[in-house]
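Asker: Give the three-dimensional model of this entry:
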Amino acid sequence: MKLVILFGPQAVGKMTVGQELERITPLKLFHNHMTIELVSPFFSYSTAPGKRLVRQFRQAIFEEVAKSDLPGLIFTFVWALDLEDDWNYIREIRELFESNGAETFFVELEANVEERLVRNRSPHRLAHKPTKRDITFSENDLVKTMEKHRLNSFEGEFDLENYIRINNSNLSPEQVAVIVKERFQL
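Answerer: Just a heads-up that it's a prediction; the model follows:
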């Protein structure tokens, strides 16, 4: 089994790249908004009940997939690299999968903020993420989150064999997926 953790800031293209990667590999995509959108009709993700439910649903899926005979999972995540809790969360997911024999791959995406703001309004994104349809809110959240947290790594921060950082400002999701597939032989 393979676990691909696809991370980067909001609207960098994680879900879309994940969809392309799912299309060209046997891996299944579990993008972070699948659980956020499930919970949001009841509780905003910004609330304690919303965060708790999202985490519980994700954990249940991780546990079942990790012990299944599926070939692997692509998980997308906005990783605040300045928060110890986020590092711990990723470590827990990685340990769960690796304790069940999986190999973990880290794919970090980066793009300039101007490109991310354009992507934030894309019909494809809005079709899959109803909570992003309030464009004013979502753009403000994108900028504020970027100002508050470090969403891309420092040079050399990830000294892992199974890690790649891709600036996809000028690459299509298909191109990025092929790079990832070839780099990690997925």
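
Asker: Just give me the residue closest to the centre of this structure.
Answerer: With distances taken as Cα atoms, centre = their mean, T76 lies nearest the centre of the chain, 1.6 Å away.

Asker: can you pull the buried residues of stretch 85-101?
Answerer: Under the neighbour-count criterion of 16 or more other Cβ atoms under 10 Å, stretch 85-101 has D86, I90, I93, L96, F97 buried. (Glycine included, C-beta is placed from N, CA and C.)

Asker: where exactly do the strands run in this structure?
Answerer: For the chain, applying DSSP state E gives strands covering 2-7, 28-30, 72-77, 103-110, 163-167.

Asker: Looking at those strands, spot the one closest to M15.
Answerer: Comparison of these against M15 by Cβ to Cβ identifies strand 72-77 as nearest, at 5.8 Å.

Asker: could you say what helices and strands that closest one packs with?
Answerer: Strand 72-77 sits against strand 2-7, helix 14-24, strand 28-30, helix 48-66, helix 84-98, with contacts defined as 3 or more Cβ pairs under 8 Å, 6 or more residues apart in numbering; DSSP states H and E.

Asker: go with 10 Å
Answerer: With contacts taken as 3 or more Cβ pairs under 10 Å, 6 or more residues apart in numbering; DSSP states H and E, strand 72-77 sits against strand 2-7, helix 14-24, strand 28-30, helix 33-39, helix 48-66, helix 84-98, strand 103-110.

Asker: Throw these into TSV and include distance to L151 and mean pLDDT, thanks.
Answerer: Rendered in TSV, the data for these read as follows (distance: least, Cβ to Cβ, whole Å; pLDDT from 0 to 100):
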stretch	distance to L151	mean pLDDT
strand 2-7	8	98
helix 14-24	11	97
strand 28-30	20	98
helix 33-39	16	91
helix 48-66	18	96
helix 84-98	10	97
strand 103-110	9	98
